[in-house]
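In: Build me a structure from this.
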Amino acid sequence: MPYAPPLWPVSVKAVVLDEQQRVLLLENERGAWELPGGRLEIAGQDPGEPADDDPEGAVEREVLEETGWRVRAEALVDGGTWIHEPVPGRRVLVVTYGCVPLDTGRPPAVSHEHRRVGLFRPDELEALPLPDGYRRSIAAWAAASRRTEPRDASRTPGPVTADDLADGVRLVVALLRQPAALAADWDRPAGTLEWSCWETAEHLADDLFAYAAQLGPQSPPAATHLPFAWRREAPGKPTSVIFTDRRGGPQDMALVLEACGALHVAMVRTAPPQARAHHGFGTTDPEGSAAMGLVELFAHAEDLAQGLGLDWSAPAGICARVLTRLFPDAPADTAPWPTLLWATGRGELPGRERRTRWRWYSAPRAEHEAARPASS
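Out: I've put the predicted structure just below:
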């Protein structure tokens with residue numbers, strides 16, 4: 001009898017991180033969480049199932065079937081090949097790929113193969129029943145992704161959306177609700193600004209409220225800022241409509257910011273594409289209004305993080321879309337978040353002078369070329 005070597009089942013798995021660095025996980029029938037993926041099909045293994053020609057295509061197919069998300073397999077994860085024993089006596093060779101999501105504009109869906117699907121931040125993984133091999137793979141791909149973040153327009157297609165804006169609001173509100181933020185001195189300067197952290201957060205809430213309101217009148221659109229009763233509390237301070245009662249402290253400030261952000265998200269989501277909103281840097285459309293709100297959120301979150309002593313960085317994919325929409329003169333070969341900081345005068349890029357004055361171009365996309373400066 002000819003020798004037949006034993007065959008190991010091979011499972012191809014995917015580490016998929018969204019723009020907030022949350023990892024995509026599935027809960028199986030045993031109550032444990034796992035990476036999406038499945039068995040590598042070989043000829044004759046299953047009647048009617050074609051053999052997989054390559055593991056990359058197999059893992060892309062499995063993620064789509066299990067979560068509804070399209071992904072692109074990028075590379076094998078360092079340390080992501082290991083032996084897993086999901087049940088006693090059954091051993092599987094796991095091969096793990098780092099994957100780029102192509103469908104983060106909608107939530108993942110759970111298939112009949114699993115109980116639940118979820119997106120988890122790194123600090124949420126500790127409490128999950130998750131095999132160590134998966135934990136190592138997630139950490140390795142997250143580290144590799146941070147090292148290779150340069151902007152690639154093909155990976156961040158499409159316009160700035162209401163979902164992008166909602167994500168931005170959620171991230172910044174969560175930043176300001178951290179215990180370290182709530183315990184900090186909000187009278188300290190916000191980064192390099194002359195305003196305090198309290199004044200800067202108040203100004204941010206006011207911006208989101210104003211951008212929402214400007215999308216309202218459409219018969220015809222307002223030709224200038226809406227005639228609210230604007231007021232400035234002292235020379236050099238922000239001119240605002242929205243003020244927060246200081247007796248409630250930072251918790252109430254976060255609440256006001258969340259409410260103003262929700263108003264802006266709702267207006268962007270429901271306004272027709274032809275709607276227009278006045279701004280000094282160019283009358284804009286709903287997409288441009290969302291992008292403007294995100295610049296305010298991310299840039300002022302950086303100011304507040306410096307003033308309050310917090311760690312903060314904005315998601316690369318959203319930053320890339322915002323740069324494409326509002327900053328046509330920004331370099332396209334540098335990482336999106338540092339580039340947005342440079343574009344707003346808050347950071348430096350190699351080989352480029354730090355900006356002391358800056359602006360965006362909020363006119364609709366078709367009018368960008370007319371708005372672009374002659375040279376950058």
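In: Check the gap between the nearest residue to V241 once chain neighbours are set aside and P88 for me.
Out: Spatial nearest neighbour of V241, chain neighbours left out: F228 (4.4 Å); criterion: Cβ to Cβ, 6 or more residues apart in numbering. Glycine gets a C-beta too; all of them are placed from N, C-alpha and C. Here the criterion is Cβ to Cβ, to the nearest Å. By it, F228 lies 68 Å from P88.
In: Which one of those two is surrounded by more residues?
Out: F228 (13 against 6; other Cβ atoms under 10 Å).
In: Let me see the contact set for that one.
Out: With contact set as Cβ atoms under 8 Å, 6 or more residues apart in numbering, F228 has these partners: 210, 213, 241.
In: check contacts around the closest residue to the first one other than its chain neighbours.
Out: Setting aside the residues directly before and after it, A210 is nearest to V241 in space (Cβ to Cβ, 6+ apart), at 6.9 Å. For V241, the residues meeting the contact criterion (Cβ under 8 Å, 6+ apart) are 206, 209-210, 228-231.
In: ok, 7 Å please
Out: Neighbouring residues of V241 by Cβ atoms under 7 Å, 6 or more residues apart in numbering: 206, 209-210, 228-230.
In: what pLDDT does it get?
Out: On the pLDDT scale, V241 is placed at 95.
In: Three-state assignment for P235, please.
Out: coil (DSSP: H, G, I helix; E, B strand; the rest coil).
In: Quick check, pLDDT for it.
Out: For P235, pLDDT reads 90.
In: what about it, neighbour count?
Out: 5.
In: what about it, distance to H225?
Out: From P235 to H225 the distance is 20 Å (Cβ to Cβ).
In: do the same with P108
Out: Taking Cβ to Cβ, one finds P108 at 41 Å from H225.
In: now do P250
Out: Distance from P250 to H225, by Cβ to Cβ: 29 Å.
In: more crowded one of those two?
Out: P250 (21 against 14).
In: same for the helix or strand encompassing that one, what does it pack against?
Out: Per DSSP states H and E: P250 is located in helix 249-270. For helix 249-270, the packing partners by 3 or more Cβ pairs under 7 Å, 6 or more residues apart in numbering; DSSP states H and E come out as helix 162-176, helix 179-182, helix 197-214, helix 286-308.
In: How far does the last one sit from its chain's centre?
Out: Pointing back at helix 286-308 there. Relative to its parent chain, helix 286-308 has a centroid offset of 13 Å by Cα atoms, centre = their mean, to the nearest Å.
In: Give me the below-cutoff pLDDT ranges for the protein.
Out: By pLDDT under 70, the weakly predicted segments of the chain are 1-7, 42-52, 103-105, 146-158, 367-376.
In: what do you get if the cut-off is 80, keeping everything else the same?
Out: Within the chain, the segments meeting pLDDT under 80 span 1-8, 19-20, 41-53, 87, 102-106, 145-158, 365-376.
In: outside of the longest strand seen in it, which residues touch it?
Out: Counting by DSSP state E, the longest strand found in the chain is strand 90-101. Strand 90-101 has contacts (Cβ under 7 Å, 6+ apart) with 8-16, 18, 35, 55-56, 59, 63, 69, 71-77, 80-86, 133, 137, 141, 144, 155.
In: Could you do stretch 72-83 as well?
Out: 15, 56, 59-60, 91, 93-100, 102, 133, 136-137, 140-141, 144.
In: Tell me the buried residues within those residues.
Out: 15, 56, 59-60, 94-100, 133, 136-137, 140-141 (16 or more other Cβ atoms under 10 Å).
In: Could you chop the chain up by domain?
Out: 10-147, 158-371 (automatic domain parsing).
In: Just the strands from the chain, written as ranges.
Out: 10-16, 23-27, 33-34, 37-39, 71-76, 82-87, 90-101, 116-120, 231-232, 239-240.
In: So what are the sheet partners of the first one and their directions?
Out: Right, the one you point to is strand 10-16. strand 37-39 (antiparallel), strand 90-101 (parallel) (DSSP bridges).
In: Next: the third one.
Out: Taking DSSP bridges as the criterion, strand 33-34 sits next to strand 23-27 (antiparallel) in its sheet.
In: Excluding its own residues, what touches the strand it pairs with? List them.
Out: So strand 23-27 is in contact with 15-17, 33-36, 66-67, 108, 114-120, 138, going by Cβ under 7 Å, 6+ apart.
In: rerun that using 6 Å as the cut-off
Out: Applying Cβ atoms under 6 Å, 6 or more residues apart in numbering, the set of residues contacting strand 23-27 from outside is 16-17, 33-34, 36, 114-120, 138.
In: In a markdown table: those, plus neighbour count and distance to R269.
Out: Shown next, in a markdown table, are these (neighbours: other Cβ atoms under 10 Å; distance: Cβ to Cβ, whole Å):
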| residue | neighbour count | distance to R269 |
| --- | --- | --- |
| V16 | 28 | 26 |
| L17 | 21 | 25 |
| W33 | 22 | 32 |
| E34 | 22 | 34 |
| P36 | 27 | 29 |
| H114 | 17 | 30 |
| R115 | 12 | 31 |
| R116 | 10 | 27 |
| V117 | 20 | 24 |
| G118 | 16 | 24 |
| L119 | 17 | 21 |
| F120 | 16 | 26 |
| I138 | 25 | 32 |
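In: and the two most separated of those residues?
Out: L17 and R115 (22.0 Å; Cβ to Cβ).
In: F327 reaches A343, doesn't it?
Out: Yes - taking Cβ atoms under 6 Å as the definition, F327 is a contact partner of A343 at 4.7 Å.
In: who has more neighbours, the two?
Out: A direct count of neighbours by other Cβ under 10 Å for F327 and A343 places A343 higher, at 24 against 21.
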